[in-house]
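Q: Starting from these lines, generate the structure:
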Amino acid sequence: MKKVAVILSGSGFKDGSEITEAISSLINLSQLGVNYQCFAPDMAFTSIDHLNDRDGETRNVLTECARISRGDCKDLKTLKAEDFDALVFPGGYGAAKHLSDWALKGSACTVNPDVEKAVQNFFKSGKPIGAICIAPVIIAKVLGKNKISLTIGDDKETVAEIKKTGAVHENCPVTEYISDREHKILTTPAYMYNAKPHQVFLGISKMLKELVEMA
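A: Model (predicted):
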């Protein structure tokens, strides 16, 4: 049975993983007959009150991610590419705040060292990487010099920053995905659009089907 590592960044789209995207990923991987394991960085952050859109209390990314994975989430530092067949990143602002600081610096950002290590190791091993919503910016930052192709939809500002990394951006509707088969990079825009949940699910479903076939 194939094994997929899923890197989460919190619980909630404003300060962590976008929950619909994360759960859509886990449901689809399960339907595809795949074993998955969730990982997240063990780090503190200031949460955001999603009801009132203001700062909340200090929380822990790994602890928050365990809410999504029903308690089964491991420290990202323990992730080894040799133990898995593919890697998946759901979106949400946590990808641009905790897995990197893209939200503040765009293409000049730095990527969490453990995230960068994972991306590089899966890429060098020829194992597919899937990224959803804003998460493809991480792949662009780490692997852009390889002229990989990816998508975050059609947001002009984000596209402009992605191009600065050397990556090639392709516009894509929410229900579709971009497959760079040469580099084994798959991406779908999800909530980069003002989309319906079923549209997000469909795009993720299509992307993950090919990712598992590639693995």
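Q: Go through the helix ranked longest in the chain and flag the buried ones.
A: The longest helix of the chain (DSSP state H) is helix 197-214. By neighbour count on 16 or more other Cβ atoms under 10 Å, the buried set for helix 197-214 is 199-208, 210-212, 214. To be clear about C-beta, it is placed using only N, CA and C from the backbone, and glycine gets the same treatment.
Q: quick one: the most centrally placed residue in the chain from C109, how far?
A: Nearest to the mean C-alpha position of the chain, counting by Cα atoms, centre = their mean, stands F89 at 2.2 Å. Using Cβ to Cβ, to the nearest Å, we find F89 at a distance of 15 Å from C109.
Q: thinking again about what came up before, tell me the confidence at the residue nearest to the centre of the chain?
A: Here, the pLDDT recorded for F89 equals 98.
Q: R59: neighbour count?
A: Close neighbours of R59, defined as other Cβ atoms under 10 Å, add up to 18.
Q: Look at the spatially closest residue to it that is not a sequence neighbour and give its secondary structure.
A: Using Cβ to Cβ, 6 or more residues apart in numbering and skipping the chain neighbours, the partner closest in space to R59 is S47 (4.6 Å). S47 falls in the strand class when you classify it by DSSP: H, G, I helix; E, B strand; the rest coil.
Q: what about S47, how many neighbours?
A: By other Cβ under 10 Å, neighbour count at S47 equals 20.
Q: Surely it is in contact with D53?
A: No - counting by Cβ atoms under 8 Å, S47 does not reach D53; the two are 11.9 Å apart.
Q: How are the strands of this structure distributed by residue range?
A: Counting by DSSP state E, the chain has strands at residues 3-7, 35-40, 44-49, 54-60, 73-75, 86-89, 129-132, 149-150, 168-169, 178-180, 185-188.
Q: neighbouring contacts of the third one?
A: Going back to what we said before, that points to strand 44-49. Applying Cβ atoms under 8 Å, 6 or more residues apart in numbering, the external contacts of strand 44-49 come out as 10, 12, 14-15, 54-61, 64, 97-98.
Q: hang on, the earlier thing: mind checking the pLDDT average for the longest helix of the chain?
A: 98.
Q: From the contact counts, what lies against it?
A: helix 19-31, strand 86-89, strand 129-132, strand 185-188 (3 or more Cβ pairs under 8 Å, 6 or more residues apart in numbering; DSSP states H and E).
Q: In TSV: those, plus distance to V6.
A: Shown next, in TSV, are those (distance: least, Cβ to Cβ, whole Å):
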stretch	distance to V6
helix 19-31	6
strand 86-89	5
strand 129-132	9
strand 185-188	14
